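Trainee: Build me a model:
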Amino acid sequence: MKVIIIGGGWAGCAAAISARKAGAEVHIYERTDLLLGLGNVGGIMRNNGRFTAAEELIEMGAGDLINITDALSRHKNISFPGHKHAWLYDVNEIEPAVKKHLEDLGINIHLIARVTDVSIENRKIKGIFIENEEFVEGDVFIETTGSTGPMGNCLKYGNGCAMCILRCPAFGPRVSLSARAGIEDFQGEREDGSLGAFSGSCKLDKESLSEEVREKLNKDGVMIIDIPPEDVNLEKLKSKVCQQYALKEFAENIILLDTGSAKLMTTYYLLEKLRKIKGLEKAKYIDPYAGGKGNSVRYLSMAPRTDDMKIKGIDNMFCAGEKSGLFVGHTEAMCTGALAGHNAVRYHLGIPLLILPSSTAIGDIISYANHKLLTRKGRKNRYTFAGAEYFERMNKLGLYSTDVEEIKNRVKKLNLNDILAQPLI
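Mentor: The predicted model follows:
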């Protein structure tokens, strides 16, 4: 069987791995020249409940990408406001390592291959159209195109194109393929009812920072610097996509993390004001390049789905990552992607689809976020293992743990160990 994955971010890569392990021929179509998308500027893993989810994923047999980020972590078990035991992988090394792993598994990667449309007949996708008008047929399709772009959305709901890693002007805009197939998208909202939300961080060139700041980051992985009182802006927190970082500490301080570059934990910050701060007098943005003005706007394209990650209204199309709901983070993308890839093969073989039980953190967030997406109030929230509403739920339900053996035993008791690595063909 042939599984076609549209979008090569964390979710698409995770879907490709689990579908390949299940025995399918797998093709990823990615519109840019890099895999991982926002993974090239992210870098934060295992913070708060993401530790639990990462260990669950490993025990379920889908920990390949977790193992790669672990291996490339510059710092382990660091803390910053609202977050404990975070691991920071090197964003400058991650993409080639993931690409090699996928190629070693025999996954076919097609770069600079923007998918623009689908052919659908009797509720089934027959194939996809590549921008050069090539038509590619497949058996099952997984959409992991994310929820950011095109440029018009960042202009309408943000501060214009911020020239981010997604590079819509160069590689073309994102296309919602579920919408092309006739399924209406959901949009996320902010508190005031406006659509979308700003990405939550920027990358600074570490070499543009003072020697003292560089040394502190390289040694400790984190540096917190007071913002001048006149420049504190609490209102800006409401626009952040990452509600787990919408704490007043992130408005009152410059919080820098070492991910190979210097990760600035704010949506955007006027360069002139940033350079007023000691040690940042020569600071330079490298993603987004217009980080002094704005950032990318996300959550403008989510597909209605069931808890097995299948898109409602289409028989042979699954989704994962931000396309599948108001999820925040790499770990969340890997979890939804791994399940979608595995279930794509199950679907083709006529095997009952896997729904992970809510007694696992992964199964619970997939179900909970899906339920919340049905209400307008729920569409104003974001769902992540790392904080905000869902992490509170994890704690309340007793799902959060940093005890690796406890997490492994939880998965084993449910007979789910290595479930996502099973060969099915």
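Trainee: Which strands or helices does the helix or strand containing P169 pack on?
Mentor: Following DSSP states H and E, one finds P169 within helix 168-171. Applying 3 or more CB pairs under 8 Å, 6 or more residues apart in numbering; DSSP states H and E, one finds that helix 168-171 contacts no other helix or strand. For glycine as for every other residue, the C-beta is placed from the backbone atoms N, C-alpha and C.
Trainee: Give the buried residues for it.
Mentor: Across helix 168-171, burial judged by 16 or more other CB atoms under 10 Å covers C168, F171.
Trainee: List the contacts of that helix.
Mentor: Here helix 168-171 makes contact (CB atoms under 8 Å, 6 or more residues apart in numbering) with R31, T32, D33, I112, R114, G149, P150, M151, C161, M163, R174.
Trainee: and if we set it to 10 Å?
Mentor: 30-34, 111-114, 131, 148-154, 161, 163, 174, 296 (CB atoms under 10 Å, 6 or more residues apart in numbering).
Trainee: Please could you give me each C-alpha atom of the next helix or strand after that helix, formatted as PDB?
Mentor: Downstream of helix 168-171, the next assigned helix or strand under DSSP H and E is helix 177-180. Provided in PDB are the C-alpha atoms of helix 177-180 (Å, rounded to 0.1, in the frame of the first residue of the first chain):
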ATOM      1  CA  LEU A 177      -6.300  19.900   1.300                       C
ATOM      2  CA  SER A 178      -9.200  18.900   3.500                       C
ATOM      3  CA  ALA A 179     -10.900  22.100   2.500                       C
ATOM      4  CA  ARG A 180     -10.200  21.300  -1.100                       C
END
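Trainee: Can you work out which other helices and strands pack against helix 177-180?
Mentor: Here helix 177-180 touches strand 115-121, strand 124-130, strand 140-143, strand 317-319, going by 3 or more CB pairs under 10 Å, 6 or more residues apart in numbering; DSSP states H and E.
Trainee: Check which helices and strands the third one sits against.
Mentor: Pointing back at strand 140-143 there. Checking 3+ CB pairs under 10 Å, 6+ apart, strand 140-143 ends up next to strand 2-6, helix 10-21, strand 115-121, strand 124-130, helix 177-180, strand 317-319, helix 330-349.
Trainee: Could you do the second one as well?
Mentor: Counting contacts by 3+ CB pairs under 10 Å, 6+ apart, the secondary-structure elements packed against strand 124-130 are strand 2-6, strand 25-29, strand 115-121, strand 135-137, strand 140-143, helix 177-180.
Trainee: Tell me what angle that strand forms with strand 25-29.
Mentor: 50 degrees (axes from the mean of the first three to the mean of the last three CA atoms, to 10 degrees).
Trainee: which residues are contacting strand 124-130?
Mentor: 4, 6, 27, 29, 31, 110, 112-120, 134-141, 143, 175, 177-178, 180-181, 311, 314-317.
Trainee: From those, list just the buried residues.
Mentor: By 16+ other CB under 10 Å, these give 4, 6, 27, 29, 31, 110, 112-118, 120, 136, 138-141, 143, 175, 177-178, 180-181, 311, 314, 316-317 as buried.
Trainee: From the chain's centroid, how far away is the helix holding P169?
Mentor: 20 Å (CA atoms, centre = their mean, to the nearest Å).
Trainee: For E56, identify the helix or strand it belongs to.
Mentor: Assigned by DSSP H and E, E56 falls in helix 50-59.
Trainee: Looking at stretch 384-400 now, give me its mean pLDDT.
Mentor: Averaged over stretch 384-400, pLDDT sits at 96.
Trainee: Quick check: buried residues in it?
Mentor: Here stretch 384-400 shows T384, F385, A386, G387, A388, E389, Y390, F391, R393, M394, L399, Y400 as buried, counting by 16+ other CB under 10 Å.
Trainee: what's the answer for stretch 161-174, then?
Mentor: C161, A162, M163, C164, I165, L166, R167, C168, F171, G172, P173, R174.
Trainee: Number of residues surrounding the closest residue to L353 other than its chain neighbours?
Mentor: Closest residue in space to L353, ignoring its immediate chain neighbours: D308 at 3.9 Å, by CB to CB, 6 or more residues apart in numbering. Applying other CB atoms under 10 Å, we find 18 residues neighbouring D308.
Trainee: from what I can see D308 touches N343, true?
Mentor: Yes. Applying CB atoms under 10 Å as the test, D308 and N343 come out as touching, 5.1 Å apart.
Trainee: joint contacts of those two?
Mentor: Common neighbours of D308 and N343 (CB under 10 Å, 6+ apart) are F318, P352, L353, L354, I355.
Trainee: ok, of these, which come out buried?
Mentor: F318, L353, L354.
Trainee: which one of those residues sits closest to G23?
Mentor: Of all the buried ones among the shared contacts of D308 and N343, the one with the least separation from G23 (CB to CB) is L354, at 15.2 Å.
Trainee: if I read this right, the closest one contacts D308, doesn't it?
Mentor: Yes. Taking CB under 10 Å as the definition, L354 is a contact partner of D308 at 6.4 Å.
Trainee: For the helix or strand bottoming out on mean pLDDT in the chain, what is the distance to the chain centroid?
Mentor: Within the chain, no helix or strand scores below helix 249-252, which has a mean of 83 by mean pLDDT, DSSP states H and E. On the basis of CA atoms, centre = their mean, helix 249-252 sits 23 Å off its chain's mean C-alpha point.
Trainee: Now do that helix: which elements does it pack against?
Mentor: Against helix 249-252 (3+ CB pairs under 10 Å, 6+ apart) you get strand 222-226.
Trainee: Return the strand it packs on as PDB; C-alpha atoms alone will do.
Mentor: Below are the C-alpha coordinates for strand 222-226, written out as PDB (Å, rounded to 0.1, in the frame of the first residue of the first chain):
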ATOM      1  CA  VAL A 222      18.800  29.900  30.100                       C
ATOM      2  CA  MET A 223      19.200  33.600  31.000                       C
ATOM      3  CA  ILE A 224      16.600  35.900  32.400                       C
ATOM      4  CA  ILE A 225      17.000  39.700  32.100                       C
ATOM      5  CA  ASP A 226      14.800  42.400  33.500                       C
END
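Trainee: Any regions of this structure where pLDDT drops low?
Mentor: For the chain, applying pLDDT under 70 flags the ranges 236-246.
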